[in-house]
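Trainee: fold the following for me, if possible:
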Amino acid sequence: MCSRRPDRAAIVYRDKLLAARDELVADIEAIPAAARELSDHEIEKLDRKTRFLVRAYPILSRIRALDVAVVISGDHNDPESWWDWSNKEKQGEYTKRFKRKLAVERTEKTDPLALMVVAAFGFIPAVLGAALQEIVDLLTILGALRALSGGRGAGRGGRGTTRAISSPRSSPSAPASLPANAARDGDR
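Mentor: Residues are numbered from 1 along each chain as shown. The predicted structure is shown next:
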């Protein structure tokens, strides 16, 4: 069994991200139907977590579909369960999928692959690990902002708020990719 910790860390990051997604989905699904029908004024009276979950309900199918891929350098001693993550052809496929428009359906032009965890050259620097955690936090905040705005802006630019931040073609600190009403909606 391989003990290459950085590659293992990349796979653990993926597992934790998917577990967090599944937990969020379960929490959203547990919201009573009556709470989903409340007016905005009544929703404001709910506790913070419930308010977030109620506002996230309209994008539940998107959250449920989110996927995460791993890219590692690979080694002949890697466990079989890692082979897809180190296979060069599969890595190329993950990269192509990641570049597509984020959507629930997987087509030639769309894909639910939202994040890629990369352990290049067999290591993940501590700074990258911290950055991954920041990305997860940012995605959570952006999801909340999107829920607060009622999904406004989803049709602008095609990609949607969350994908624009995580796209390999955009800067990780690109505030321009936030919707124009994000600050206003976040202040409510």
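Trainee: let me know the pLDDT of residue 117.
Mentor: The model reports residue 117 with a pLDDT of 82.
Trainee: and the helices in the protein?
Mentor: Taking DSSP state H as the criterion, the chain contains helices spanning 5-29, 33-36, 40-44, 48-56, 60-65, 83-86, 88-99, 126-148, 161-166, 182-186.
Trainee: I'd like to know which of these lies nearest to residue 119.
Mentor: Residue 119 lies closest to helix 5-29 among those, at 4.0 Å (C-beta to C-beta). The way it works is simple: take the backbone N, C-alpha and C, and place the C-beta from them, glycine included.
Trainee: what helices or strands is that closest one leaning on?
Mentor: helix 48-56, helix 60-65, strand 67-72, helix 83-86, strand 113-119, helix 126-148 (3 or more C-beta pairs under 8 Å, 6 or more residues apart in numbering; DSSP states H and E).
Trainee: in CSV: these, plus mean neighbour count and distance to residue 35.
Mentor: Formatted as CSV, the helices and strands packed on helix 5-29 follow (neighbours: other C-beta atoms under 10 Å; distance: least, C-beta to C-beta, whole Å):
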stretch, mean neighbour count, distance to residue 35
helix 48-56, 17, 5
helix 60-65, 17, 13
strand 67-72, 22, 28
helix 83-86, 16, 39
strand 113-119, 21, 27
helix 126-148, 16, 14
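Trainee: mean pLDDT lowest for which of these?
Mentor: Note on those: lowest mean pLDDT is at helix 126-148, with a mean of 68.
Trainee: returning to what we had before: TSV for the helices and strands packed on helix 5-29, including distance to residue 27?
Mentor: Formatted as TSV, the helices and strands packed on helix 5-29 follow (distance: least, C-beta to C-beta, whole Å):
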stretch	distance to residue 27
helix 48-56	6
helix 60-65	10
strand 67-72	19
helix 83-86	28
strand 113-119	18
helix 126-148	12
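Trainee: residue 93 and residue 79: what is the separation?
Mentor: 21 Å (C-beta to C-beta, to the nearest Å).
Trainee: typed the wrong thing, it's residue 67
Mentor: Distance, residue 67 to residue 79, using C-beta to C-beta: 21 Å.
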